[in-house]
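> Sequence and computational prediction follow.
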Amino acid sequence: MKNYKKILLIPIAIFIISIIVLSVQYGTTGSFIEKDVSLKGGVSATIYTSQEINIDQIEQDFLNQNPGTEISIRELSTFGTKQSNGIIIETDASLEQANFFIEENFPSADTSIQETGEGLGDSFFKEMITAIIFAFILMGIVVFITFRKLIPSLAVIFSALLDIIATLAIINILGVKLSTAGIAAFLMIIGYSIDTDIMLTTKVLKRKAGTLWERTVRAFKTGMTMTLTTMAALFVAFLVTNSIILKQMFGIILIALVIDIISTWFMNTGLLIWYMKKNETDN
């Protein structure tokens, strides 16, 4: 309650660092995020095999056979034993090149191959970004209608914005290639983000029982219970699933929830306390 202005420096610093990371990424690659083949086009092959696999050797063999192409290989493993049961190959090579290589190196393996055209991937990416922007705008409208006060409403919107930007920066640092499932995860982040923010703002702004500090503490207990139980469920799901798509979704949402703790309880709470104290002084 005494240092709420100083605490605001933490989310501000995270926001500035995130913008720098995304700017460097854009300046280097021409895109704010690293996209996988489902968004930029290419071939994705899932190969299930029990044979011992040297990923570095496979990658080198593929590049030698198909010079000028890019390839990314991830290992599939069984939950619990961590025993390898195959690999996922993603490349911008043609379907014919990928097929020839797989048939030559894994003739008896169970294989699933999917091709995404460059135009289709780019179109889908733009449509999903448009969907996120519209979702964000509609969320802002709902928040303004609910509270009808500029500063508390902006605090909720800024909190959601920080969650998205900081999460984008972190997955860039981790080298995650965003898929269509990852874009869907960012749509879910908007919902997760404003959930605790609206609860906090409602308890602090609209409820009159107790002091400002008591209302804030009650909101914190409820909000952290909501966030931690969600994180626990997602963490278990992340460990259990063998699906790369689900792992990316759960991982992105988990990162966003950690950021949301900071954006809600450092930034949004600080702004609300500042707003309430200013109103009390003015009155």
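Thanks, I have it. Everything numeric in this text was worked out from a predicted model, so none of it was measured.

> Run the chain-centre distance for the helix or strand of the chain with the lowest mean pLDDT.
Least confident helix or strand, the chain: helix 37-40 with a mean of 72, by mean pLDDT, DSSP states H and E. Centroid separation between helix 37-40 and its chain, computed with CA atoms, centre = their mean, to the nearest Å, is 17 Å.

> Only alpha carbons, please: show that helix as CSV.
Taking Å, rounded to 0.1, in the frame of the first residue of the first chain, the C-alpha atoms of helix 37-40 are listed here in CSV:
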residue,chain,number,x,y,z
VAL,A,37,5.5,-24.8,-41.2
SER,A,38,1.8,-24.6,-40.4
LEU,A,39,2.1,-20.8,-40.5
LYS,A,40,4.8,-20.2,-43.1
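
> from now on call the first residue 126
Sure, I'll start counting at 126 from here, so that last one is helix 162-165.

> immediately after it, which helix or strand?
Using DSSP states H and E, the helix or strand that follows helix 162-165 towards the C-terminus is strand 167-173.

> Show me what the helix or strand where S278 lies is packed against.
Using DSSP H and E, S278 sits in helix 275-298. In terms of contacts (3 or more CB pairs under 8 Å, 6 or more residues apart in numbering; DSSP states H and E), helix 275-298 is packed against helix 134-154, helix 243-272, helix 305-326, helix 369-387, helix 394-407. From N, CA and C alone the C-beta is placed, and that goes for glycine too.

> hey, least reliable of those helices by pLDDT?
Mean pLDDT is lowest for helix 243-272 among the helices and strands packed on helix 275-298, at a mean of 77.

> Now do the contacts for S318.
S284, A285, D288, I289, A381, D385, S388 (CB atoms under 8 Å, 6 or more residues apart in numbering).

> ok, now with 7 Å
S284, A285, D288, D385 (CB atoms under 7 Å, 6 or more residues apart in numbering).

> mean confidence score for stretch 350-359?
The model assigns stretch 350-359 a mean pLDDT of 93.

> typo on my end, it should be stretch 285-293
Average pLDDT, stretch 285-293: 91.

> hmm, back to that, among the contacts of S318, list the two that are farthest apart in space.
Across those, the longest distance by CB to CB is 8.7 Å; it joins A285 and D385.

> how does the protein divide into domains?
Domain assignment for the chain, taken from automatic domain parsing, gives 129-161+244-407, 167-240.

> most packed of those?
The highest mean neighbour count among the domains of the chain, using mean count of other CB atoms under 10 Å, belongs to domain 129-161+244-407: a mean of 17.
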